[in-house]
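Trainee: Sharing a model prediction with you, sequence too.
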Amino acid sequence: MGVDVSVQSESSGRGVGEAGVWSDHEHFMRHAIALGDRGSTAGDGGPFGAVIVRAGRIIGEGWNRVIATRDPTAHGEMVAIRDACRGIESVSLQGCALYTSGQPCPMCLGAIYWARIERVFYGFSIQDAAGIGFDDHFIHEQLARPPEQRAIPEIPLLRTEALEILEAYAANPGRVRY
């Protein structure tokens, strides 16, 4: 399946393949960067802003609110995903692109895949962020290890009981698949 990365600026009406396509991408990226600046200047969290675009329109946006909300999962991408899903009343962001001021961390990348976002554009890299203390390298290393050998070990417990609810959920013909 090919990924449609067409975007259309509200002001230009241009799409991918036409003159000015990069200006459309840059428009959304500049908005993400501005959100990151707004949030970090306000003291909400780091300089991470994000917008989610479908069919040339922003359907969700957010900025890092880790400090403001005392929530370590309130990264800009996560806030934007939540905003977009609420707005369209769906857990799927298929057909969407995400523009983020910084390359997504492992947590955000996982959410991007779960939400079915099709393309990510980012400003600064993971290495750039590590240079000022946002270093995800340790998490990447941990994910490569077997669960029981991680700094925070994952220990199986009550598997049989837990499998009962998993199997009951799988057998429910009315369950919502996502």
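Mentor: Looks like it arrived, so ask away. None of the values given here were measured: they were computed from a predicted structure. Residues are numbered from 1 along each chain as shown.
Trainee: ok, residue 36 touching residue 49?
Mentor: Yes: with contacts defined as Cβ atoms under 8 Å, residue 36 counts as touching residue 49 at a distance of 3.2 Å. Every C-beta, even on glycine, is put in place using the N, C-alpha and C of the backbone.
Trainee: joint contacts of these two?
Mentor: Overlap of the contact sets of residue 36 and residue 49 (by Cβ atoms under 8 Å, 6 or more residues apart in numbering) consists of 63-64, 76, 101.
Trainee: Most neighbours among the residues you listed, please name it.
Mentor: Ranked by neighbour count under the definition other Cβ atoms under 10 Å, the shared contacts of residue 36 and residue 49 are headed by residue 76 with 32 neighbours.
Trainee: Now do the contacts for that residue.
Mentor: 32, 35-36, 39, 45, 48-50, 62-64, 100-102.
Trainee: Out of those residues, name the ones that lie in strands.
Mentor: 49-50, 62-63, 100-102 (DSSP state E).
Trainee: hmm, back to that, pick the one among the shared contacts of residue 36 and residue 49 closest to residue 138.
Mentor: Set against residue 138, the nearest of those by Cβ to Cβ is residue 64 (19.1 Å).
Trainee: hang on, the earlier thing: which one of residue 36 and residue 49 has more residues nearby?
Mentor: Neighbour count, other Cβ under 10 Å: between residue 36 and residue 49, residue 49 has more, with 30 against 26.
Trainee: wouldn't the more buried one be in contact with residue 29 here?
Mentor: No: here residue 49 does not reach residue 29: they are 9.7 Å apart, not a contact under Cβ under 8 Å.
Trainee: Pick out the most distant pair among the ones in strands among the contacts of residue 76.
Mentor: Taking Cβ to Cβ, no two of the ones in strands among the contacts of residue 76 sit farther apart than 62 and 102, at 13.0 Å.
Trainee: Secondary structure element for the residue positioned nearest the centre of the chain, which one?
Mentor: Among the residues of the chain, the one closest to the centroid is residue 77, at 3.8 Å (Cα atoms, centre = their mean). Element membership for residue 77, per DSSP states H and E: helix 76-88.
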